[in-house]
Each structure stands twice: as C-alpha cells, then as structure tokens.
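1. Fold the following, please.
(one chain, ligands or ions: 1)
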Amino acid sequence: MTYALVINSGSSSVKFQIVDPTADAAAEPFASGLVEQIGEPSGRITIKHAGDKHVVQQPVPNHTVGLEAAMKILDSLGAGPTQVDVSAVGHRVVHGGMVFSHPELINDQVVEMIRDLIPLAPLHNPANIDGIEVARKLLPDLPHVAVFDTGFFRDLPPSSAIYAINAEVATENQIRRYGFHGTSHEFVSGQVPALLDMPAGSVNQIVLHLGNGASASAVRGGDPIDTSMGMTPLAGLVMGTRCGDIDPGIIFHLARNGGMSIDEIDNLLNRKSGVKGLSGVNDFRDLHRLIDEDNDDAALAYDVYIHQLRRVIGSYMIALGRVDAISFTAGVGENDVATRRDALAGLQHYGIKIDPERNETRSDGARLISTDDSTTRVFVVPTNEELAIAQKATALAKQ
Ligand code: ADP
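-> So this is what the prediction gives:
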C-alpha cells in the first residue's frame with residue numbers, strides 16, 4: 001500500500017493524516033494525529049492508528065518539537081512515514097493569491113512565493129510555512145506538494161471576483177474575491193456528474209460546504225462562476241463564529257462610536273459573531289437542543305443562518321439559470337437534517353423538492369435526498385479535504 005502524508009498546519013495546532021489516496025471518502029485514514037496548544041505551557045499530541053488512540057501530554061514550544069514528537073510516536077507504533085510506503089507529503093496552504101491555481105511541488109522558491117502572500121492571510125500562511133519547513137527537514141527525501149484553498153477559485157469570472165472598490169486602490173492592495181474551501185468544493189462538485197450520470201462539462205451545480213466555517217459555490221461545467229467567501233474567509237454565509245456578509249459601514253461605526261480598535265473588531269466578527277454571537281453556541285447539535293428548550297436566541301440564530309443561506313442559494317440559481325444538482329457537505333451539511341430541509345423548503349415551483357424520508361436516512365457515502373420528480377437533484381456528498389490533498393499530492397509527485 002502506498003500512502004500520502006497530509007499536513008494541515010495552523011498557528012497553534014497541526015493536524016495530519018497518513019492516508020491511502022485511492023481509499024473511499026468515508027474510510028478511516030491509516031493514521032491521524034493532532035498536535036495542540038503549540039507555544040503554550042501545556043501541549044497535547046493525539047495519534048489515532050489501528051483503532052487505538054494515543055494521547056501524550058507534553059509542552060510543545062513550537063511546530064518543530066510538535067511534529068518531531070508526533071512522528072516519534074508514529075514510529076513507535078510502526079506507522080511512521082519512513083516505515084510505511086509514503087510517496088508524497090501534501091500541505092494545505094490557505095492562500096495562493098493570484099499566483100497559484102494548481103498544486104505546486106514545493107522548493108525554496110515556492111516557499112518564498114507563499115511567504116510573499118502573507119499580507120493576504122496573516123494568520124494562516126505563516127503557520128502553513130512553519131509546517132512545510134519542519135516537514136521538509138524531517139522528511140527531506142519525499143516530494144512535498146502545496147495544495148491551495150483558493151486554487152479552485154483562481155479563475156472566477158471578473159464580474160464575480162472584482163469588488164466595486166476604486167480600481168487603483170484595489171489593484172495596489174490585491175483586493176478581490178479569492179474564495180476558500182476550494183479543495184472541498186472541487187472534491188464535492190467533481191463527484192456530482194457521475195451521480196447524475198451526465199458529462200462533467202454540462203453540469204450546472206451548487207455546492208454548500210456547511211461546517212464551522214461555511215461557503216457556497218456555483219459551478220458550471222466544472223468551473224466555479226461564484227463563491228460566497230471573499231478576499232478573506234469572513235465573507236458570505238453566517239458561520240459558527242463568523243458573521244458572514246454584513247454592511248461594511250458597521251466596521252466604521254464600531255470604530256468611531258463603539259470605541260473598538262481594528263483588532264477588537266476583527267476578533268468580534270471572526271470569533272464572537274455568527275451563530276455563536278447570536279445564541280452563545282456554535283455547534284448545531286447544541287443549537288437544536290436550545291431551540292427544543294424554547295430558547296428564543298437560538299431560534300433567531302438558526303433563522304438568520306437559514307435566511308442568509310437561502311439568499312445565496314437563490315442568487316446562484318439565477319446565475320446558473322438551470323441547476324442540475326445542489327450538494328450539502330461538511331459537518332452541518334452532512335449531518336443536520338433540519339438545515340437541509342429548511343434551506344430548500346418551499347422551492348417545488350423551482351423544481352427543487354427534498355424527500356423527507358431520504359433526508360433523514362444516514363449513509364457513509366454520497367446519497368440522493370430529493371424526490372424522484374425534483375428536476376434539481378439534491379445530494380449529501382461527504383467531503384474529505386485530507387483525501388483530496390492526498391490525491392493531488394500523489395498525482396503531482398508521480399509526474
Ligand atoms: P470545520 O472543518 O469547519 O471545523 P466541520 O465540517 O467538521 O467543521 O463541521 C463542524 C460542525 O458540524 C460542528 O460545529 C457542528 O455544528 C456540525 N455538526 C457535526 N456533527 C453534527 C451532527 N450530528 N448534527 C448537527 N450538526 C453537526
């Protein structure tokens with residue numbers, strides 16, 4: 001068996017998987033791990049392999065110590081990347097700017113190019129680079145590949161990519177819609193033509209990636225024509241803790257009259273808003289529990305979430321003209337029956353009709369949840385960004 005090592009390096013945590021790139025999207029990875037609380041006094045490394053979970057509490061001052069320790073634990077289990085046949089290392093990189101549309105074999109120059117994009121993703125790209133540098137030192141003989149969250153949306157039509165902001169200022173500051181979750185939108189939309197038994201080039205579809213972060217895309221013939229996240233992942237749908245689209249004037253108001261600094265506003269809109277900001281919880285399981293207890297704040301948060309989601313779905317229906325399929329994916333999209341029902345309720349006159357029984361039936365793989373007479377077919381398609389990165393890294397490493 002040949003595997004890929006997939007690394008998703010954040011500022012205070014690193015997630016990784018050793019995965020068979022030919023596996024089913026619902027299959028458990030060969031091994032997975034999480035290094036948490038990097039840079040804090042207490043740290044934790046969790047490894048899952050062969051049905052067992054191994055937890056080690058130890059301070060993790062930086063990414064190097066964290067990844068080295070995690071690889072040692074994997075080695076002790078006989079599952080280390082140099083012990084099993086790993087053919088490539090895939091790194092999730094959040095921002096590829098206008099530079100990267102496809103996965104890139106990493107060398108020093110590519111690392112510098114990712115570094116040049118730090119102003120566009122000041123929290124994410126530095127952490128991604130840390131992961132790349134540490135992994136290249138630990139595994140110097142393997143090909144390392146960068147897979148960009150923005151890549152799938154690199155060639156959005158200008159009418160959806162360009163903001164109506166003074167062109168000179170926008171160009172100078174690289175302001176445009178980049179879109180995120182691209183690996184997931186590409187992975188999910190790529191499965192739909194086979195589900196419809198249609199040639200990929202003729203499918204018009206909407207993908208709803210509803211996790212803690214959430215985004216939608218409209219895809220025509222395999223190419224995205226619009227997406228809801230923007231220059232940053234703050235835009236678009238209401239999310240677990242992010243506000244999604246708001247009147248930009250609110251930011252001036254908070255700065256001028258709310259006594260808040262730019263950093264405070266950034267923190268408010270990214271971490272203390274969205275469903276959590278309205279209800280106190282961001283997990284949809286908690287939200288539904290509160291709604292069942294007649295909590296008005298939770299009910300309002302859910303209604304605002306659904307309203308914004310429907311607004312985006314409606315605009316993509318118009319943009320596409322004909323919609324062959326709508327797919328729900330990620331934590332909320334794959335699991336929350338009510339969200340799927342309410343997102344598409346009352347649209348039978350547009351040819352969209354969810355079958356309540358199919359909507360409630362669970363399965364591991366992709367499944368149809370619309371009625372047989374629904375002209376737009378509605379699917380739940382589990383996403384697996386790690387598997388998608390593993391596939392891309394393996395394919396590029398082979399070339
Ligand atoms: P991310 O990758 O953005 O962190 P996920 O795609 O894993 O997020 O989604 C996590 C979210 O999915 C949780 O916060 C929760 O709201 C939702 N979720 C997970 N499981 C369920 C479930 N069984 N029912 C309803 N919502 C769920």
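
2. Please make it C-alpha for all contacts and neighbour counts, starting now.
-> Will do.

3. Can you name the residues of the stretch 251-399 of the chain sitting close to the ligand?
-> 282, 283, 284, 285, 330, 331, 332, 335, 336 (CA under 6 Å from any ligand atom).

4. Between those, which sits nearest residue 143?
-> Taking CA to CA as the measure, residue 143 lies nearest residue 330 of these, at 29.0 Å.

5. For the longest helix anywhere in the chain, buried residues please.
-> Secondary structure of the chain per DSSP state H: the longest helix is helix 296-320. Neighbour counts over helix 296-320 (16 or more other CA atoms under 10 Å) mark 297-299, 301-302, 304-310, 312-313, 316-317, 320 as buried.

6. any chance of the residues of the stretch 251-399 of the chain next to the ligand in TSV, plus neighbour count?
-> Listed next are these as TSV, based on neighbours: other CA atoms under 10 Å:
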residue	neighbour count
282	22
283	16
284	21
285	12
330	22
331	18
332	22
335	21
336	18
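
7. re earlier: from the contact counts, what lies against the longest helix of the chain?
-> If you count contacts as 3 or more CA pairs under 8 Å, 6 or more residues apart in numbering; DSSP states H and E, helix 296-320 packs onto strand 204-210, strand 214-220, helix 274-279, helix 284-292, helix 337-343.

8. For those, give me JSON lines that also has distance to residue 69.
-> Shown next, in JSON lines, are the helices and strands packed on helix 296-320 (distance: least, CA to CA, whole Å):
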{"stretch": "strand 204-210", "distance to residue 69": "33"}
{"stretch": "strand 214-220", "distance to residue 69": "33"}
{"stretch": "helix 274-279", "distance to residue 69": "34"}
{"stretch": "helix 284-292", "distance to residue 69": "34"}
{"stretch": "helix 337-343", "distance to residue 69": "40"}
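
9. Let me have the ones you listed in TSV, extended by mean pLDDT and distance to residue 1.
-> As requested, the helices and strands packed on helix 296-320 are exported to TSV (pLDDT from 0 to 100; distance: least, CA to CA, whole Å):
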stretch	mean pLDDT	distance to residue 1
strand 204-210	98	31
strand 214-220	98	34
helix 274-279	98	43
helix 284-292	98	38
helix 337-343	98	37
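
10. the strands in this protein, which residues?
-> For the chain, the strands defined by DSSP state E cover 3-9, 14-19, 31-36, 44-49, 52-57, 86-93, 104-105, 144-148, 204-210, 214-220, 223-227, 325-329, 367-368, 377-380.

11. partners of the first one in the sheet?
-> Spelled out, it's strand 3-9. Strand pairing for strand 3-9, determined by DSSP bridges: strand 14-19 (antiparallel), strand 86-93 (parallel).

12. Next: the last one.
-> Taking DSSP bridges as the criterion, strand 377-380 pairs within the sheet with strand 325-329 (parallel), strand 367-368 (antiparallel).

13. check contacts around residue 358.
-> Shown in contact with residue 358 (CA atoms under 8 Å, 6 or more residues apart in numbering): 368, 369, 370.

14. If any of those residues are buried, put those into a ChimeraX selection.
-> To isolate the buried members of the contacts of residue 358 in ChimeraX, using 16+ other CA under 10 Å:
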select :368,369,370
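
15. I'd guessed residue 49 sits against residue 18; true?
-> No: the criterion here is CA atoms under 8 Å, and residue 49 misses it with residue 18 at 9.6 Å.

16. what sits in contact with each of the two?
-> In contact with both residue 49 and residue 18: 30, 31, 32, using CA under 8 Å, 6+ apart.
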